[in-house]
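A.B. asks: fold the following, please.
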Amino acid sequence: MSLVTNTSSQKKRKIVELVLTERCNLSCVYCFEHDKDTLRMSLDIAKNAIEEAFNNNSYDEVEIDFFGGEPFADFKNMKHICEWIWQKQWPKPFIVFATTNGTMVHGAIKDWVHKNSHRFILGVSIDGTPDMHNLNRNNSFAQIDLNFFSSLWPFQSAKMTISRLTIPNLADGVIYLHKHGFKVSCNNAYGIIWEDEDYPIFSEQLKKLADFYIDNPNIEPCSIITMPIQNTAFDHVPQKWCGAGTNMICIDRTGTKYPCHTFMPSSSGNSVKLDDMFALLESDKLLDTNCQGCVLTPCCPTCYGINYVETYDITKRNNSHCIFSKIRAKATAYMLSIMLINREREYCYLKEKTDSDIHYLINGIRIINDSIKI
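C.D. replies: Residues are numbered from 1 along each chain as shown. Coordinates of the predicted model:
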């Protein structure tokens, strides 16, 4: 069957995260993994998980994600599993993906990845400018071939994490990655203590970023400044923000199934009652009681795994998340209001929007501006 790189809204995709190893060659300042052991997943466990996903008739497509640690720390098994997948005939389309810190993609690994780049997609974690990245990620910038990633997978966003060390240069980091050919997906680090002085810096940086996108209509704005604020114009509140525990499953090296990798003991630091957790993630009891009635509830996503890491309750959000979300919403409203005024500039973000989409965007901007005070 053919490999797929994206999914239409009508297609249901089963995502299987395979944690090949928890070993990693870096120690990032915001890493919330508590135990990076050196044991590896067996080939039988990996193959059984993949076959089970393909045999699940509830889904139209399968996505196989190699995760870690650093998945290339177990390149031998990853290569074997990939080539086993590609040699077989499967009953539905699929995608093979890995998230990497990029530092091990050299020599034989790089040659193999390049040879298979038409059927194997890599997402690289890169935290902005060289100085920013080195502050966060063990002075590892020089070990990463940025052009290799941006040229082979131009549709794939670079993953940029913002720490307290790098938040003063957030905008410069995003712009740097854009200028090197990347789309950008970025977020504030989880599991760290943010201070009051970080919030005005964050607001200032998002204003700078918004102005950059206003002045560069052909560049797709990054995820941190494109909150779906149009959703505030609807009464509907999403029941669930991600596929954790439903269309997504994470398999650790022992074959144990978790809703996603953040529920693993190495991430959460706590043993999870898995049956209870899966049942809760399939329920309609996922809204933080503190969020009831908040105007941002329809557009403010949450990570159930990170909630569990930080509060041991999948519904409870860290207060810093709330403050950052309000700043993000205001920055998104500011950027989109200027873009809508200047629509003759043909902003790529607005290009595919229908008149109905624009109507809800305008209403969303009004609601945010009237309701969010920060």
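A.B. asks: and the longest helix seen in the chain, how far from the chain's centre?
C.D. replies: Identified as the longest helix of the chain according to DSSP state H is helix 319-341. Here helix 319-341 is found 19 Å from its chain centre; the criterion is CA atoms, centre = their mean, to the nearest Å.
A.B. asks: stretch 162-171 too?
C.D. replies: Centre-to-centre, stretch 162-171 and its host chain are 18 Å apart (CA atoms, centre = their mean).
A.B. asks: name the residues that touch that stretch?
C.D. replies: The contact list for stretch 162-171 (CB atoms under 8 Å, 6 or more residues apart in numbering) reads 29-30, 127-129, 131-132, 135-136, 173, 186-189, 192, 194-195, 198, 201-202, 205-206, 208-209, 212. For the C-beta atoms, the positions are set from N, CA and C on the backbone; glycine is no exception.
A.B. asks: give the buried residues for it.
C.D. replies: The neighbour-count check on stretch 162-171 (16 or more other CB atoms under 10 Å) flags 162-167, 169-171 as buried.
A.B. asks: tell me which of these is nearest to Cys303?
C.D. replies: Ile162 (15.1 Å; CB to CB).
A.B. asks: distance of that closest one from His180?
C.D. replies: 18 Å (CB to CB, to the nearest Å).
A.B. asks: try Lys273
C.D. replies: 44 Å.
A.B. asks: look at the two and report which has more neighbours.
C.D. replies: The neighbour comparison of Lys273 against His180 (other CB atoms under 10 Å) goes to His180, with 13 against 10.
A.B. asks: so what's the more buried one up against?
C.D. replies: When contacts are counted by CB under 8 Å, 6+ apart, His180 touches 146-147, 150.
A.B. asks: state the distance from Arg328 to Met132.
C.D. replies: 19 Å.
A.B. asks: swap in Ser58?
C.D. replies: 42 Å.
A.B. asks: more neighbours: which of these two?
C.D. replies: Met132 (25 against 8).
A.B. asks: identify the residues contacting the more buried one.
C.D. replies: Met132 touches 165-166, 169, 172-173, counting by CB under 8 Å, 6+ apart.
A.B. asks: just the pLDDT for it.
C.D. replies: Looking at Met132, its pLDDT stands at 98.
A.B. asks: I figured His261 was touching Cys303, is that so?
C.D. replies: No: applying CB atoms under 8 Å as the test, His261 and Cys303 come out as separate, 11.3 Å apart.
A.B. asks: neighbour-wise, which of the two wins?
C.D. replies: Taking neighbours as other CB under 10 Å, His261 and Cys303 compare with His261 leading, 25 against 19.
A.B. asks: closest to Lys285 out of the contacts of Met132?
C.D. replies: Checking those against Lys285 with CB to CB, the nearest one is Thr166 at 36.0 Å.
A.B. asks: low pLDDT regions in this protein?
C.D. replies: 1-10, 33-37, 235-238, 268-271 (pLDDT under 70).
A.B. asks: where along it do the helices fall?
C.D. replies: 43-54, 75-87, 107-115, 130-136, 146-152, 170-179, 198-215, 265-268, 274-281, 304-311, 319-341, 355-371.
A.B. asks: for Asn318, what are its contacts?
C.D. replies: Residues near Asn318 by CB under 8 Å, 6+ apart: 190, 306-307, 310-311.
A.B. asks: 10 Å instead?
C.D. replies: Contacts for Asn318 (CB atoms under 10 Å, 6 or more residues apart in numbering) come out as 190-194, 302, 306-307, 309-311, 324.
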